[in-house]
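In: Requesting a structural model of the entry that follows:
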Amino acid sequence: RPGGPELWFGGSTLHAAVVRRLVTYGHGFNPLGRPAPGELEKLCAAMAEAGRDMADLEMIGGTRAVFPDAASVASLERALEAVPEQMEQGFTTFCIKPSQFTDDPDGVGGFCREVMRRVEP
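Out: You can find the predicted model right below:
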């Protein structure tokens, strides 16, 4: 309904039900990983067919943490390597989980500032 909550949809695959929900009600798309080849084109075509512009859909990207061992945090630098490609695909918002990159709860603010420093143009 107009003025209602914004709805984001996503999942590990962009199946027909998710496409239908995005086209009909969606404000954002979070693929929970990387879209398979051709999925974004399929979504773009469905949006156009419904008279909607892909620019109306907030695209939420993310990072994938790779842990060097069972006791260490992931490399932020390595995780952020995926951001430029996602930006080229139209992703404008990114979900990053600080707990994957720092074990210090008091350091989350500094971690967030570091993420911003690394991704600013």
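In: and the residue lying closest to residue 58 once chain neighbours are set aside, how many neighbours?
Out: Nearest residue to residue 58, sequence neighbours excluded (Cβ to Cβ, 6 or more residues apart in numbering): residue 28, at 3.9 Å. (C-beta placed from N, C-alpha, C; glycine too.) When neighbours are defined as other Cβ atoms under 10 Å, residue 28 has 17 of them.
In: Look up how far residue 107 lies from residue 28.
Out: 29 Å (Cβ to Cβ, to the nearest Å).
In: what do you get for residue 18?
Out: 36 Å.
In: between these two, which one's more packed in?
Out: residue 18 (19 against 13).
In: Kindly confirm my reading that that one is in a helix.
Out: Yes: checked against DSSP: H, G, I helix; E, B strand; the rest coil, residue 18 lies within a helix.
In: so what's the spatially most central residue of the chain bridging to?
Out: The residue lying closest to the centre of the chain (Cα atoms, centre = their mean) is residue 61, at 1.7 Å. On the basis of DSSP bridges, residue 61 is bridged to residue 94.
In: Flag the shaky bits of this structure, pLDDT-wise.
Out: Within the chain, the ranges that satisfy pLDDT under 70 run 1, 121.
In: what are the ranges of the helices in it?
Out: Listed in chain order, the helices of the chain (DSSP state H) span 16-25, 39-49, 76-80, 83-88, 108-119.
In: Of those helices, give the one that comes closest to residue 65.
Out: helix 76-80 (5.7 Å; Cβ to Cβ).
In: Compile the helices of the chain into a markdown table and extend it with columns for distance to residue 70.
Out: Shown next, in a markdown table, are the helices of the chain (distance: least, Cβ to Cβ, whole Å):
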| stretch | distance to residue 70 |
| --- | --- |
| helix 16-25 | 34 |
| helix 39-49 | 33 |
| helix 76-80 | 17 |
| helix 83-88 | 26 |
| helix 108-119 | 21 |
